[in-house]
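Asker: from the sequence below, what's the structure:
(5 chains)
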Amino acid sequence: MNAPILTYVTFLPLLGVLAILFIPQRSESGKKAIRWVSMVISTLVFFVSLRLYFDFDPDVAGFQFIEKYIWIPSYGITYFMGLDGLAFWLVLLTTFLTPLTILSTWSAITKKVKEFQIMMLVLETAMLGTFVSLDLFLFYVFWEIMLIPMWLIIGVWGGERRIYAAIKFFLFTAVGSFLMLVCIIGLVYFHHQETGDLTFNLLSLYNTNLARTYEILFFAAFALAFAIKVPMFPLHTWLPDAHVEAPTAGSVILAGILLKMGTYGFFRFAMPLFPDGSAFFTPLIVVLSIIGIIYGAMVAMVQPDIKKLVAYSSVSHLGYCMIGLFVLNRHGVEGSILQMINHGISTGALFLLVGVVYERRHTRMIAEYGGICRPMPIYASIFFLITLSSVGFPTTNGFIGEFLILLGVFEVNKAAAVLAATGVVLGAIYMFWMFQRVFYGRVSNPKNEKLKDLNRRELAYLLPLVALVFWIGLYPNFFLSKMHSSVDHFISQVKISAEPASPGAVVEHHASVDKAPLSVSAAKE
Amino acid sequence: MDLYFWVFASMSVLAGLFTIAARDALPSAMGLLTVFIALASLYLHLHAPLIAIFQVAIYAGAILILVVFVIMLLMAPGERLAAIQANVSYRGAGALLGLCLIGLVAVGTKGVSEIVSMKALPEGFGNPSMFGDLFFRDFLLHFEVVSVLLLVALIGGIYLCKKKL
Amino acid sequence: MSDLGFSFSLSQLWQVAGGQIILLIAGLVLIFVDLWLSTDEKPDHVATMGWLTALSFLVALKYMICTGWTLNEIVLVDVFSTEKFAIFVSAIVLMAGIFASLMSIGYLRNNKLVRSEYFILLLFAVYGTIAMVQSVDLLMMFIALEVMSLSVYVLAAFLKDDRKSQEGALKYFLLGSFGSAFFLFGVALMYGLTGTVNITKIAQVLSTGPLLENPGVLVAIAMLMSGLFFKMALVPFHMWTPDVYEGSPAIITGFMATAVKAGAFGIFIKLLYVTFTPILAHSGQPEFQSTVNLAALAVYWKPLLWWLALITMFVGNLVAVSQQNVKRMLAYSSIAHAGYMVLGIIAANDEGRMGVLFYLFAYTLMNFGAFGVLYLLDGQEGKAQTLDDYKGLGFKYPALSFLMALFLVSMAGLPPTAGFIGKFYVFAAAIKEGYLLLAALGIMTCVIGAYYYLRVIWMLYMVEPSREVVAGRVSVTSMIALIAAALGIMYLGILPEGLAQVANVAQQSLAMVF
Amino acid sequence: MASLTHYIVLSSILFGLGTIGFCTRRNALILFMSIELMLNAANLMLVAFSNFMADMAGQVMVIFIFAVAAAEVAVGLAILIVLFRHVREVDITKFNVLKW
Amino acid sequence: MEGYLFLIPLIPFIGFLINGLLGQKIGRSGVYCIGCSSIGLAFLFSILAVYQLACSPAEDRLLVQTLWSWITVGNLNIDMALMIDPLSAVMILVVTGVSFVIHIYSIGYMAHDESYWRFFSYLNMFVFFMIMLVLGSNYIVMFVGWEGVGLASYLLIGFWYKENVNADAGKKAFIVNRIGDFGFLLGMFLMFITFGSLSYLDVFPKAVHMYEHGMLAMNSPVMIAICLLLFLGATGKSAQIPLFVWLPDAMAGPTPVSALIHAATMVTAGVYMVARTNVLYTLAPTALLVLVLMSAATAFIAATIGILQNDIKRVLAYSTVSQLGYMFIGVSVAAYGAGIFHLMTHAFFKACLFLCAGSVIHAMGGDQDMRSMGGLWKKIPITYITMLFATIAISGIPPFAGFFSKDEILWKAFTFPYYPVVGKIVWFIGVLAAGITAFYMFRLIFMTFHGKFRGTEEQAHHLHESPLNMTGPLMILAFGSVFGGWLGIPHLIGSLFGHVPNVLENFFEPVFANSHEIIAAYAGVHHHSTVVEWVLMAGSVAVAIGGIFLAYHIYIRRVDVLPEKLAETYSIYHKLVYNKYFVDEIYYYVVVLPFYYLSMFFWKVVDAFCIDGVGVNGQAWLVQRGSGALRLVQNGYVQTYGAFMLLGLVVMLWFFIV
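Answerer: Numbers count the residues shown, from 1 in each chain, chains lettered A, B, ... in the order given. Next up, the predicted model:
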């Protein structure tokens, strides 16, 4: 067994917290030191996580880098971590985005620097933990821990209505996740009844045969928790508020990673655990996703606030991810996963970009800008490239994701695909309209005349994102190749068991499900 | 027909009613005194002479006197509380609920007497020596704890009432 | 049997009630120490008294754990028992006592109260609680309950110059007496029905005779329970809680919310399970085999507790939302917590009882922590208790605020804190027994709970200060206690298994109480 | 000879009167007395049972309840007196600062 | 062998990067040099590739270069691959050739613009994407180019972004194109699930195979759907009804852009795509019917709008729309070669026309209104002559290029094998449109170059011929306009001169062979007499000449009275046509505004009020209020508290006993 690399990756940021705790922040140099420590640690985390890339075996359908220790034996709770093709990318996305985000706070966060950086690092740990946990309890713990730092980031360092936004964010998420906890426990006990095995181990729980009613019930609760996070229409209203009020870094992490937890949750938990439930709810979710795509785009279009616009665009984009997941074919699911990464990159970048002008002008209103293409050409160019990614321009990442998803949807339901594809048009409308109002025309506001273009630090955190946009756009196989087996496995998990049970099929399915994780652990140990 | 019982029972109920119905505190205390005495009489009837004595000595003699002292201390003679009744609805509800309680308890305990293992009273039941035996054997620990209780009451009372200790 | 005719030997007494005896002796010693010291009243003396009290709690704790926990059999002296359950609850109470005495040193100084009766009363309150938890005799329960209550009444009224304190205490006293009258009536009725006041004997008698079909038993149960519900502060027996908590000195509020509640829950669980459920049948003793019949009573108390838990969680959390005074808000929150704990009791399984014990432990840590910070931020009782006062203190008093935030997060039941694990245990237990709906509804009230807990945190960190608030002097003892509580919360939140095992062993011992 | 039932009913009536008094009266001292009434009801019950079951324990318990009642009254009155110093009233509807 | 194919797009791309990133540093000449030479090199490599292709035997005319495996998911396997076959060969020559010429022209045209480097980099980018579009070996790569040229178009239309109008036009172009792309995407999906691939080399043979083996019926709904969806894409890109509205606005861009993108290359991408997909279209006659009707309508309506436009570039823009309609008529009567032929000749003369117009505008100092021009021919003779040639070409006067291509289209329409009657009608519309085209094009010539100068003194003073780097391209393109048609000389005429071969048709044969076979097998081979063909040819020429004379009559001979008089006499029609049939307005009020208000409704009512207000904050309000109400129960009276305890007890007892 190799070194417990997932544990290292997950908890390394806490080391940074420890270091930062002892740096006084009264002086300017202290603040600088804090920032640097935070930056260095998170970069280190990224490099450590890169190690995963080299060791990741794309042919394995189950989980890799497995770590399992007994934690709370009386409830069968374990410290159980592992990665598959989806979690793998989300972990990398997290470790990649965090240092960039921290870099973006250099001049944005000048008060309470220490607390802020601590929150960022704690948040990173929580997010990573969420993605790598294979024990439902462990997952839930990380899932909830993540709430607090994010809540504080929005609430303490946010804008005018930060408290409203923060508490809305918190309560929305709490409603879903608390209910989910009840259902997690319920599931565990049903599993216990069935097999006599009391465990929170996800892989064992996959094999639970629940009564259909309970599958539907539990899926509903899980789906609620995740759908709020995604967020799906009509549970999305926390998002615009949270995004608008959060500081730039908060928005980036929120959009880039936190929202992925919703879709990730569907992929990892809700759907494979309750295939019948997911089959039952698929029509509803598809409809809501389509509504989300169209509605999100339309509402985004009329937003006067750039951040809000991007927030609503997230609703639209995440609609794609959801619908892609639920069509349950390779194209849809892989597209959806890729779209998760894409959205993390491009929407993250958009928020960073908005943050750049916000820092200079302290307003996010589109009407306050106009014509800033001229004072800030580099900024405009990068913004434009990211805009392209956001609207799914071919050769950018957005296209690959949307294309695969829509193709996947089309294979299953043509009408749904047609409706979903309108998002392609709508996306162009709101993004380009916004771009035009912000960057084109004459400089209408004299305050914008003297705007400074991007400095080197800003370029340093934006360019990697731009590079990724095109990397994924031009060579998506690099990313896709790692997820094929996991996605196949996922589809077989959800699909086969969702089919009306002929006894043979069920047995076969169980055998196949059992095999994969076991073989992995055997191989690894 | 047990006249003794009925006399003192009705006396205690009436006195009890008077206790809670009297406008002033002092007559109310007198009502309570009557209840105590009526109950003491019933205790005698129930072969509990010692309790009857204690009832009169401790309850009527000590506790109630304490209450009366406090009444004297805190209220001017004949002082009445303002006529306007605050919080009437709740109090009405309370009275109603109290009546319900009586009814329910009475209904609930209707069959109790059939179940309780009736025994003929042994010789000397209720006499002090028997009482003392029990008191100092089976209830020794209770006694000790009650002494602590009284100590607490003592300390508390002293602390609260004395202005400067 | 000694020649005095006692049914127990002194060594047995020492084994079973050693902790109580230590506390009693300490109490008496302290009275004399007090008398000796109080010839010239100085704050130092109060501190000395505080330290001595804490020390005696510690000694008692040590004694109870080292002696009681290692006993393989339950030792009984007819009225007291030393089953591990009682020891566990007593340990919680003693822990609360230690917290209370340590914090009180600072509290009394900040409030310029140089009165050492405080500690004596505290000591007797703890003594009463432990005696209550250890008792297996309804009469002793009642008397011990009164010892505890009277001490706490006086402590609640301890701020003689503060009208609120007095008013709260009087309400507490009146309603408490009212409640214990219920209990007493229940005791009397139960005695009449079964001919005994010993809870195991009651169980035996109830299960063998024709009594189970008699509604009189149910009347008695209802009376007994409602007396205890009062102390547990379940809706609708909770009405005293907010007023008394708000009025009382902060530390005493903390004590009431933790030790008294722990005692009440402890005795309630013991009474309920030993007397009214078939738990004794698990002991394997032939004379208790008949108690399996007591399962029939579940039809009565389970739905009752179901509704009570729901209403309690709901009302506690809901009303807390509109509270401006943090102390009062915490009072409502403690009501809500009681509701969660009842969830574990309804489950009526090992996990549930274990969960309640764990919950009580965690709850004691976090609640005492919160009240500790509250009094420190307060300066002098009542000076800065409202949410308005808390505005912007987060960066002015970072350590205190952080601790407050931690305690509140734990109360809100968010990981990785003990509060979360505690909630997890009780909910898991309820769900295991199929109370999915109740669990779901209950957990929704947690959302409301999260809202008002977080509101305090956001007042601390996210709002600009509205007026100048000067926190009181932070005494070392308080800080030690707070940090200990915080570490405990974190530790239990991450590694709960150890305590859970202990709690499990403790709850299992309930089956052996006879 | 009155039966046990008579005593139980009498006891519950007295107990009920106590609760009614507690819930309706505003004079704090009458509230005290109502509580005493309730305790006495319990005492009566104990003595009655003790008599009919021929078990002295019931009587012994009554003694303890006397003690408890005495202690309660002592403390309660003390608190009332302290509060009286602040409010100059024994009307409990005036003890209404703490609410909501 | 084919290893250099990737250089054709790569070089412009590198040019784009250099100009874009370092444009400000390397100075004007550097930018010009890189901008033009990169296209020049691409052109050279294109010639090389086409040469190689032409040298190989007809059945081997195919070069494929797979660059890398792009998207591999499940059975979807898309390579980033380039392919050149006769069809793309012609296109690539047109694209790189015309681009090169226009790049050179741009040096002069953009000489005074401060953002010249940006212009050149965009232009290079456009060429890159256009090459990708043409050379892509599957629909996805084509889609890359397809969207990419749209992007370049967006950037170039809005090149002078300081004017919001320009930026608006760019945005409009992009969004309208996106609507088309929406169809394109869906078409691809449908194609993928039908044929399991998106590569040309898989799809077409498979379609033929399936057809031949009866797995795919002629005119099956799937095929119709695919074809129509793809055509929706084409209507966006190629400005056909109903998505043509963006093109006239796109004239906001610099004139070279209009010439290159909005006349010669990008807008013809739709035609290319349909020709590329010929097999599928051939299998879907109904789709072709729709296409032909739409395109005929486009050709006619756009031409009528062209009559009354006063902005010189707008006239050309509508003319482009109309001509694109022509091309689509060509491809939609299954005469794919004819469509491409017209595409090629159109590239020459329309590019030439635009560049000339640019030259005129240049001379006029930026003024584009023909009403302020007149009599310019003396001042800018080269421009005049080249423009005249191009105009004659577009009017379809033999032997200019336009005549051949237009005539072939008309003839093929007349002999439309699937729907002969419709074909005849379309022929008639086509001839009519040709006449109108001739009319308004000459109107343009007459208003601009003849008569009196109507502009200001200053403009008159400013008038000058453009420099050589601008007139040179004009001449080259004019040359193309004159002689370009000879590549596709019809058999009829070719036989007159001793079997001059129709080079183009022969060259294309391998690409369209399958379609021709299918048509022949399905509709049979009809032989039309040469007499009919001659008569039709003469008829269309006559109509064109008639149009020219009409223009002459109105705008030269009776210019003082007739235009106004006509406008008054037919004021309703005048207004209608003058305002472009109010299409923009209709779209605005029927689509844009409702859409906007619907969005506002969603935001303000559904989101803010219903979900957030009632749903979310409503619950919070409920909790707050509930809390506020419930706390009042806690009224501070001991009796109340006692009553509640009593209540609890009573309820418990009730529950237990009763």
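
Asker: tell me the contacts of A:T78?
Answerer: A:68-71, A:135, A:138, A:199-201 (C-beta atoms under 8 Å, 6 or more residues apart in numbering or on different chains). Any C-beta I mention is one placed from the backbone N, CA and C, and that applies to glycine too.

Asker: and the helix or strand hosting A:V244, what's its mean pLDDT?
Answerer: A:V244 belongs to helix A:238-245 when assigned by DSSP states H and E. Regarding helix A:238-245, the rounded mean pLDDT is 88.

Asker: elements contacting the helix or strand following it?
Answerer: Counting by DSSP H and E, the element after helix A:238-245 in chain order, helix or strand, is helix A:248-253. For helix A:248-253, the elements it packs on are helix A:85-104, helix A:113-132, helix A:147-157, helix A:238-245, helix A:330-361, judged by 3 or more C-beta pairs under 8 Å, 6 or more residues apart in numbering or on different chains; DSSP states H and E.

Asker: what segments of the stretch 351-500 of chain E are strands?
Answerer: Counting by DSSP state E, counting those that start in this stretch, one finds no strands in the stretch 351-500 of chain E.

Asker: OK, now which residue of it is nearest to chain B?
Answerer: Of all residues in the stretch 351-500 of chain E, E:Q368 sits closest to chain B, at 86.3 Å by C-beta to the nearest C-beta.

Asker: who are the neighbours in contact with that residue?
Answerer: Applying C-beta under 8 Å, 6+ apart to E:Q368 gives the contacts E:311-313, E:357, E:361.

Asker: same list (these) but as TSV, adding pLDDT, distance to chain C and neighbour count.
Answerer: As requested, these are exported to TSV (pLDDT from 0 to 100; distance: C-beta to the nearest C-beta, whole Å; neighbours: other C-beta atoms under 10 Å in any protein chain shown):
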residue	pLDDT	distance to chain C	neighbour count
E:D311	86	58	16
E:I312	86	63	26
E:K313	87	58	27
E:A357	88	63	26
E:I361	85	60	19
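
Asker: against C:Y332, how distant is the residue nearest to C:V463 when sequence neighbours are not counted?
Answerer: Distance criterion C-beta to C-beta, 6 or more residues apart in numbering or on different chains; nearest residue to C:V463, sequence neighbours excluded, is C:K391 at 4.4 Å. From C:K391 across to C:Y332, the span is 21 Å (C-beta to C-beta, to the nearest Å).

Asker: for the two, indicate the residue with more neighbours.
Answerer: Under the criterion of other C-beta atoms under 10 Å in any protein chain shown, the comparison of C:K391 against C:Y332 puts C:Y332 first, with 28 against 19.

Asker: the helix or strand where the more buried one lies and chain A, are they touching?
Answerer: Using DSSP H and E, C:Y332 maps to helix C:326-347. No. Helix C:326-347 lies apart from chain A when judged by C-beta under 8 Å from any C-beta of the partner chain; the minimum separation is 11.2 Å.

Asker: what ranges in chain B fall below the confidence cut-off?
Answerer: Along chain B, the parts satisfying pLDDT under 70 run over B:1, B:77-87, B:164-165.

Asker: any idea which residue of it lies closest to chain E?
Answerer: In chain B, the residue that lies nearest chain E is B:G94 (3.8 Å; C-beta to the nearest C-beta).

Asker: ok, B:M30 to C:Y107 distance?
Answerer: 44 Å.

Asker: those two - which one has more neighbours?
Answerer: C:Y107 (29 against 17).

Asker: got the contact list for whichever residue of chain B sits closest to chain D?
Answerer: Nearest residue of chain B to chain D: B:G94, at 2.4 Å (C-beta to the nearest C-beta). Residues in contact with B:G94 (C-beta under 8 Å, 6+ apart) are D:19-20, D:22-24, E:639, E:642-643, E:646.

Asker: ok and the longest helix seen in chain A relative to helix A:238-245, angle-wise?
Answerer: When chain A is parsed with DSSP state H, its longest helix is helix A:162-195. Relative orientation of helix A:162-195 versus helix A:238-245 (axes from the mean of the first three to the mean of the last three C-alpha atoms, to 10 degrees): 140 degrees.

Asker: helix A:162-195 packs against which elements?
Answerer: If you count contacts as 3+ C-beta pairs under 8 Å, 6+ apart, helix A:162-195 packs onto helix A:136-145, helix A:147-157, helix A:202-205, helix A:212-229, helix A:238-245, helix C:418-432, helix C:436-462.

Asker: list the residues that contact E:Q240.
Answerer: Contact analysis of E:Q240 by C-beta under 8 Å, 6+ apart lists E:234, E:270, E:294-295, E:298, E:321, E:324-325, E:328.

Asker: 10 Å - rerun?
Answerer: E:180, E:231-232, E:234, E:247, E:267, E:270-271, E:291, E:294-295, E:297-299, E:302, E:321, E:324-325, E:327-328 (C-beta atoms under 10 Å, 6 or more residues apart in numbering or on different chains).

Asker: alongside chain E, which residues does chain D contribute?
Answerer: By the rule C-beta under 10 Å from any C-beta of the partner chain, the part of chain D lying against chain E is D:16, D:19-26, D:28, D:31, D:34, D:92-93, D:95-100.

Asker: let's see that with 7 Å instead.
Answerer: D:19, D:22-24, D:92-93, D:96, D:98-100 (C-beta under 7 Å from any C-beta of the partner chain).

Asker: run a quick check on E:I18 versus E:C33, I expect a contact.
Answerer: No. Assessed by C-beta atoms under 7 Å, E:I18 is found out of contact with E:C33, at 10.1 Å.
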